[in-house]
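Chemist: Fold the stuff below for me.
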Amino acid sequence: YKHQKPVFFIIFTITCLLWVFSGLVGHEPWKPDEAYSFGMVLHFINGGNWVIPKIADVPFMEKPPFFYILASFFAQLFHPWLEYHDGARLTNGFFLLLTLFLLASTYKEFYLKKWSHSYTPYITILLFISCFGLVYRVHLLITDVALLTGFSLSLYALSLFRKKIVLASFILGTGVGLGFMSKGILAPGIIGSICLSLLLHQSFRNQRYVKFLFLALLWSMPWLLIWPAELYNQSEKLFWLWFWDNNFARFFSTNLGPQADQGYYYKTLLWYAFPVLPLSLIYLWQSAENFVHRNLFFIVIILFNFLIIISGYHRFYALPSVFVLLFMAYRLQDKGDHYIIPIHFFAVTLLILSLSATARELYALPLLLPLALMASSYFENNWRLFDQWLNKAGILIFSALILFFWLLWIAIIWPDFPYLGAYLQHKQPGFIYEFSYLSFGIAFSSSLFWLFIIRLNYFTFKPVIVFSYGITAIWCLLSILLLPYLDFGMSYKGMLQSMQQKMPSHYNCISSYRLVEAYPSLVHYYIGEKMHALTAQNKKNNCNLLLIDKNDSTLLSPGWEEIWSGSRPGDKHLFALYRKEKPDACLKF
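Modeler: Purely as a prediction, here's the structure:
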């Protein structure tokens with residue numbers, strides 16, 4: 001492997017830099033997640049109260065404010081060189097780099113003594129960024145990126161506690177605190193459950209581990225207590241709104257999020273965690289070779305999973321798999337922490353996520369950390385034929401996608417391109433492509449480098465390089481070359497600017513009806529106006545401008561005049577702005 005080292009590190013560096021920083025700048029805040037997130041960032045940029053996050057002066061208590069405060073710092077640090085929303089998104093780059101570093105450090109603590117190759121920790125990083133579901137989400141301005149870093153800190157702390165208990169406890173406490181201040185009670189709930197589940201093993205039932213957990217709890221106290229105490233001091237009502245409605249109620253009820261369907265995370269992980277999921281499963285299968293009746297055991301578990309999913313108790317669908325994983329960890333605990341901890345980390349996280357009444361694919365991000373570690377362990381005893389198939393499949397898939405995206409780009413700049421040109425113009429009418437030599441150069445170089453990757457001689461880790469750089473090259477094309485076209489359709493900037501041109505020169509304020517948090521945030525950013533929500537409990541709003549969904553125009557009483565209507569390019573979702581012509585004009589609730 002010595003002759004491959006320089007080439008590998010060149011590939012590794014290029015892949016990581018392109019993967020982390022592509023797509024962080026150059027587009028407007030996208031609805032839904034980025035739009036409301038940036039609304040709170042804008043609140044802190046304008047010097048708002050650090051305890052109560054707000055969107056256009058309206059408290060938004062879904063999540064604690066740490067991520068938004070840090071993003072506001074990045075936004076101001078890079079302004080005016082970057083727009084506020086682009087600068088804020090660089091917060092993701094900071095957290096992503098930290099997560100990758102922590103993942104490699106965890107690998108070193110767990111596995112490095114078992115390997116003779118000094119660069120295998122970097123394979124774990126490449127496996128992690130290979131995951132299909134990871135690349136888009138972590139480049140958006142969302143708190144889940146900081147949550148992912150909190151989980152990676154906790155995983156690293158568990159790998160370190162036997163050697164450096166004080167440092168490890170500090171890292172674990174910081175990970176729990178970061179997750180808590182980014183997302184809420186979910187993070188300490190899951191991480192605490194993982195730590196307690198490890199007590200199933202004799203090697204963890206000792207004074208050192210208990211001391212480690214106690215010290216970690218002390219380190220986490222400032223994170224867990226200061227902001228909630230100050231929030232309670234400023235507004236008891238908002239405290240309970242955050243503590244109960246946006247934590248426990250969200251877990252037990254679907255009123256505040258999308259409902260979890262049957263076997264949701266099983267179906268999601270099939271594509272979301274590819275290719276680390278199959279590699280992890282093969283590793284676990286190989287590890288269980290000493291199980292008596294191994295085949296029968298797994299068939300029965302699969303059958304139980306199926307029966308639970310089709311039954312009325314489908315929220316418990318993960319229980320059989322979690323039982324199997326924890327049972328395997330218990331029976332094979334002599335393999336050591338590098339085997340036990342990733343299994344517990346994955347199994348407990350999966351169980352808690354599956355029990356929640358609400359589900360989104362981005363909630364599965366922390367599951368990719370232990371999967372990447374277990375997938376790297378697969379190479380201890382890899383299946384060469386499977387690796388070769390994976391290598392060929394990756395080359396074919398990503399080569400086809402790279403070619404397709406270049407054809408899309410040609411069709412965008414040349415509307416007469418057969419079939420695609422007319423279709424793309426129809427989807428986003430009015431789009432005009434502005435050629436950028438810098439964007440073209442980066443995208444072209446990344447695709448050209450792909451040719452170098454596929455021409456490498458086959459070796460053990462080549463499938464990892466193929467998938468990690470393949471997904472990176474695709475992301476470069478999407479987030480750099482095709483970004484102007486995508487942003488033209490996703491951004492509300494043009495729509496709101498056209499609305500601003502139709503607004504009267506004199507008005508007292510703007511109200512809105514039944515518009516989610518993203519729209520007040522965007523109106524505040526692009527127009528500088530803070531909309532007031534009009535509800536059945538707030539009928540006495542005296543604003544003489546009203547922004548609503550066009551479908552709700554039937555609720556307007558006589559006395560309103562439509563002065564503007566519009567939507568994003570190619571979007572059928574119409575909005576309308578009305579001016580109150582009569583003092584008694586209202587909405588028919």
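Chemist: which stretches of this protein form strands?
Modeler: 54-55, 58-59, 510-512, 532-533, 545-549, 560-566, 575-580 (DSSP state E).
Chemist: With mean neighbour count and mean pLDDT added, can I get those in CSV?
Modeler: Just so you know, the C-beta spots here come from the backbone N, C-alpha and C atoms, and that holds for glycine as well. Converted to CSV, those look like this (neighbours: other CB atoms under 10 Å; pLDDT from 0 to 100):
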stretch, mean neighbour count, mean pLDDT
strand 54-55, 22, 92
strand 58-59, 16, 90
strand 510-512, 22, 91
strand 532-533, 18, 84
strand 545-549, 21, 92
strand 560-566, 16, 93
strand 575-580, 20, 94
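Chemist: Dump those strands to TSV, plus distance to residue 393.
Modeler: Formatted as TSV, these follow (distance: least, CB to CB, whole Å):
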stretch	distance to residue 393
strand 54-55	45
strand 58-59	49
strand 510-512	49
strand 532-533	51
strand 545-549	45
strand 560-566	45
strand 575-580	45
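Chemist: Just tell me which of those strands ends up closest to residue 485.
Modeler: strand 560-566 (19.5 Å; CB to CB).
Chemist: How about residues contacting that closest one?
Modeler: Residues outside strand 560-566 that contact it (CB atoms under 8 Å, 6 or more residues apart in numbering): 495, 498-499, 502-504, 546, 550, 553, 574-581, 585.
Chemist: switch to 6 Å and redo it
Modeler: 495, 498-499, 502, 574, 576-579, 581, 585 (CB atoms under 6 Å, 6 or more residues apart in numbering).
Chemist: Without its sequence neighbours, what residue ends up closest to residue 76?
Modeler: residue 45 (6.2 Å; CB to CB, 6 or more residues apart in numbering).
Chemist: What is the neighbour count of residue 542?
Modeler: Counted with other CB atoms under 10 Å, the neighbours of residue 542 add up to 10.
Chemist: how close does it sit to residue 508?
Modeler: Applying CB to CB, to the nearest Å, the value for residue 542 to residue 508 is 7 Å.
Chemist: got any ranges where the stretch 401-550 of the chain has weak pLDDT?
Modeler: 536-541 (pLDDT under 70).
Chemist: at 90 what do you get?
Modeler: 415-419, 421-422, 425-430, 432, 456-461, 505-509, 513-518, 528-544 (pLDDT under 90).
Chemist: Please, where are all the helices along it?
Modeler: In the stretch 401-550 of the chain, the helices defined using DSSP state H, counting those that start in this stretch lie at 420-427, 437-454, 462-476, 483-490, 493-502, 518-526.
Chemist: among these, which is nearest residue 390?
Modeler: helix 462-476 (4.3 Å).
Chemist: List the contacts of the closest one.
Modeler: 11, 15, 18-19, 22, 123, 126-127, 129-130, 135, 275, 387, 390-391, 394-395, 398, 401-402, 443, 446-447, 450, 453.
Chemist: just to revisit the earlier point, indicate which one of the strands of the chain is closest to residue 253.
Modeler: strand 58-59 (20.8 Å).
Chemist: Can you tell me the strand partners of the closest one and which way each runs?
Modeler: strand 54-55 (antiparallel) (DSSP bridges).
Chemist: Between the two ends of stretch 473-490, what distance do you get?
Modeler: 22 Å (CA to CA, to the nearest Å).
Chemist: what do you get for stretch 563-574?
Modeler: 14 Å.
Chemist: before we move on, what about stretch 284-303?
Modeler: With CA to CA, one end of stretch 284-303 sits 19 Å from the other.
Chemist: Could you dump the helices of the stretch 401-550 of the chain into JSON lines and include mean neighbour count?
Modeler: JSON lines is the format used below for the helices of the stretch 401-550 of the chain (neighbours: other CB atoms under 10 Å):
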{"stretch": "helix 420-427", "mean neighbour count": "14"}
{"stretch": "helix 437-454", "mean neighbour count": "16"}
{"stretch": "helix 462-476", "mean neighbour count": "24"}
{"stretch": "helix 483-490", "mean neighbour count": "18"}
{"stretch": "helix 493-502", "mean neighbour count": "15"}
{"stretch": "helix 518-526", "mean neighbour count": "23"}
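Chemist: so which of the ones you listed comes closest to residue 55?
Modeler: Among those, helix 518-526 sits nearest to residue 55 (CB to CB), with 5.0 Å.
Chemist: helices and strands around the closest one, which ones?
Modeler: helix 33-45 (3 or more CB pairs under 6 Å, 6 or more residues apart in numbering; DSSP states H and E).
Chemist: what inclination does the helix it packs on have with respect to helix 518-526?
Modeler: Interaxial angle of helix 33-45 relative to helix 518-526 (axes from the mean of the first three to the mean of the last three CA atoms, to 10 degrees): 50 degrees.
Chemist: Look at the residue nearest to residue 76 and say how many residues are nearby.
Modeler: 19.
Chemist: And it, how close does it get to residue 39?
Modeler: For residue 45, the distance to residue 39 - CB to CB - is 11 Å.
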